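J.: okay, here's the prediction I keep looking at, along with the sequence it came from:
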Amino acid sequence: MPALWIAHVNVTDAEAYGRYAALAGPAIAKHGGIFIARGGRYVQLEGRDRARNVVARFPSVEAAEACYHSPEYQAALDHARGASERDLLVVETSE
């Protein structure tokens with residue numbers, strides 16, 4: 001089943017986070033991820049507001065997890081740590 005990788009982010013260091021984004025995109029694509037929302041307009045209805053919201057579609061939960069734990073994504077994530085406050089989850093779709 002396909003899965004969605006959903007990130008809610010507040011960027012605290014735009015330069016460092018830019019380095020993360022430049023590396024994360026190719027790592028996500030390498031694992032079959034396709035961005036379907038990336039920092040666009042949103043409406044916060046409940047919970048903690050985060051200024052940046054990203055959704056990527058993966059072939060499966062396992063593919064999304066493999067991406068997260070991959071050396072390429074972990075190298076990207078090194079730039080996001082300390083440059084952002086993030087919540088990240090993967091959820092299987094009902095398709």
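T.: Arrived safely, thanks for sending. Numbering: from 1, shown residues only.
J.: Ala21 looks like it's in a helix, true?
T.: Yes - looking at Ala21 with DSSP: H, G, I helix; E, B strand; the rest coil, it is inside a helix.
J.: quick one: the residue nearest to Ala80 when sequence neighbours are not counted and Ala83, what's the gap?
T.: Spatial nearest neighbour of Ala80, excluding adjacent residues (Cβ to Cβ, 6 or more residues apart in numbering): Tyr20 at 4.0 Å. Just so you know, the C-beta spots here come from the backbone N, C-alpha and C atoms, and that holds for glycine as well. In this view, Tyr20 and Ala83 are 7 Å apart by Cβ to Cβ, to the nearest Å.
J.: same deal with Val9?
T.: Relative to Ala83, Val9 is positioned 10 Å away (criterion: Cβ to Cβ).
J.: now swap in Asn53 and tell me
T.: Looking at Asn53 against Ala83, where the rule is Cβ to Cβ, the gap reads 17 Å.
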